[in-house]
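1. Could you work out the structure for the sequence below:
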Amino acid sequence: MSSWEEFEKNCVKYLNEKFSEYAAFEHKGGADSTVPDILVKTKNGNCFYIDAKHSPAQCGQFVLLPDINTRQFVYSSSKSDINIYSRSIMEYMNKDFDSFREAGTKGKNIDMENGSDIFAKWIIQTYKEKNVEFFISNNYTIIPIDNIADYFDISAKYRIKRSGSDNVRANRTEIVKKYIESFNYSITNIRTAGDKLFVSSSQISHNQRFILDGYEFMFSKRGNEFEIRKLSNTYNANVIFSIRCKENIQGLSDRDFIYYLNK
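-> Residues are numbered from 1 along each chain as shown. Presented below is the predicted three-dimensional model:
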């Protein structure tokens, strides 16, 4: 289990142990970044989400592609709509077009005037559109989404990033099975669950990779076995937001959080 997934599950356990009298907390997000991490169902019938952020952490992103002809960046993100804050970032980057378009995988910091405030407002609007009301961070600190600038140092960077991974498609499952069985991975079991492919082996390590027919695959540990994930060949240029806890922060008190759950 990855460290972020363990943190999410520990947060759910903590919330249920401490506040189950007022609400139920369900782990939802996982590897799907489009779904917030923790669904909250209060005893009064209200529902909202809490997102787990173990500092330092990434906190949202959107895709900007450089148009060489117009020397402008073009918004190209399907996960979040363009808003006044992303437009402000684009306008700043357009003034230094050549430098940003050459950012590469190392990336270039977006050091704009009032940047931290603009980044915070982008995060707040984007997460509230997903019905996220709180972040839960280090030491199970509960932070109202509207007040994140009081608790985090917020920055943004433009860099090239691989777009993610996917399940092994059904029409390629047998090909992948035969391939890994032909190597010395000491496979003790192979199984499918829905559209996912799992293997058990003592010779495989988490994030170990292999190439098949020009595609890269990865073994991702899931309990006592490994899920095989197909890595994307697509690299997108993203504005990526990051947060880091400020020193000696005090989150929402138990009393205030309970008051919110009882609303």
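2. Distance check, the closest residue to residue 23 other than its chain neighbours against residue 70.
-> Closest residue to residue 23 apart from its sequence neighbours, by CB to CB, 6 or more residues apart in numbering: residue 42 at 4.3 Å. In short, each C-beta sits where N, CA and C put it, glycine included. Distance of residue 42 to residue 70, given as CB to CB, to the nearest Å: 49 Å.
3. Which one of the two is surrounded by more residues?
-> residue 42 (16 against 10; other CB atoms under 10 Å).
4. close enough to count as contact, residue 204 and residue 226?
-> Yes - using CB atoms under 8 Å, residue 204 is in contact with residue 226, at 5.5 Å.
5. More neighbours: the two, which one.
-> For residue 204 versus residue 226, neighbours defined as other CB under 10 Å are more numerous around residue 226 (23 against 18).
6. Tell me where the stretch 51-200 of the chain is predicted with low confidence.
-> Along the stretch 51-200 of the chain, segments meeting pLDDT under 70 span 77-78, 163, 184.
7. can you do 90?
-> 65-70, 76-81, 101-102, 104-105, 160-197, 199 (pLDDT under 90).
8. Could you look up the next helix or strand downstream of the helix or strand harbouring residue 197?
-> Assigned by DSSP states H and E, residue 197 falls within strand 196-201. Remark: after strand 196-201, the chain's next helix or strand is strand 209-212, criterion DSSP H and E.
9. still on that earlier bit, so which other helices or strands are in contact with the strand holding residue 197?
-> Secondary-structure packing of strand 196-201 (3 or more CB pairs under 8 Å, 6 or more residues apart in numbering; DSSP states H and E): helix 173-181, strand 187-193, strand 225-231.
10. Neighbouring strands of that strand in the sheet, and parallel or not?
-> Sheet pairing of strand 196-201 (DSSP bridges) gives strand 187-193 (antiparallel), strand 225-231 (antiparallel).
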